[in-house]
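>>> Sharing a model prediction with you, sequence too.
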Amino acid sequence: MAIQFCGPCGNTLDISSASIVRCDCCGSMNKNNLFDGIVTVSSTHNFPSELRQKRQPTQHLQCLAPEDTWATAEETCRRCGAKEVRYTALQLRSADEGTTLFYYCPGCSERWNEGN
């Protein structure tokens with residue numbers, strides 16, 4: 001059994017013997033290609049979709065804020081022995097586990113983290 005997709009929205013189309021099939025999702029009219037032969041598509045990049053072409057590329061955001069915005073803590077630096085370092089905390093695991101603390105020493109640029 002072959003599956004047809006709507007060109008504008010990518011929704012699956014009903015199986016029909018009519019030459020034109022109406023999309024239940026967006027209402028556009030699509031040519032019935034089920035009887036033209038079977039085409040195998042293995043990548044989403046090969047799937048024609050007007051919606052995919054309009055999509056904006058995703059932005060990659062930094063996970064951590066710049067170190068100069070981190071809070072300070074009375075923690076000894078592992079490398080230079082400075083008595084005050086900067087830190088931030090992130091919840092990297094599930095909610096029932098502790099947060100991970102990320103440390104940064106402004107004196108020697110040493111970085112380390114500790115899981116609670």
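Nice, I can see it. Computed from a prediction, not measured in an experiment: that's the story for all the values here.
>>> Residue 8 and residue 15: what is the separation?
19 Å (C-beta to C-beta, to the nearest Å). Backbone N, C-alpha and C define where each C-beta goes, glycine included.
>>> same check, this time on residue 2
Residue 2 is 9 Å from residue 15, where distance means C-beta to C-beta.
>>> Now for those two: what residues contact both?
Between them, residue 2 and residue 15 have residue 34 as joint contacts when contacts are counted by C-beta atoms under 8 Å, 6 or more residues apart in numbering.
>>> what sits up against the lowest-mean-pLDDT helix or strand in the chain?
Of all regular secondary-structure elements in the chain, judged by mean pLDDT, DSSP states H and E, the least confident is helix 50-54 with a mean of 74. Taking C-beta under 8 Å, 6+ apart as the criterion, the residues outside helix 50-54 that touch it are 7, 8, 9, 10, 44.
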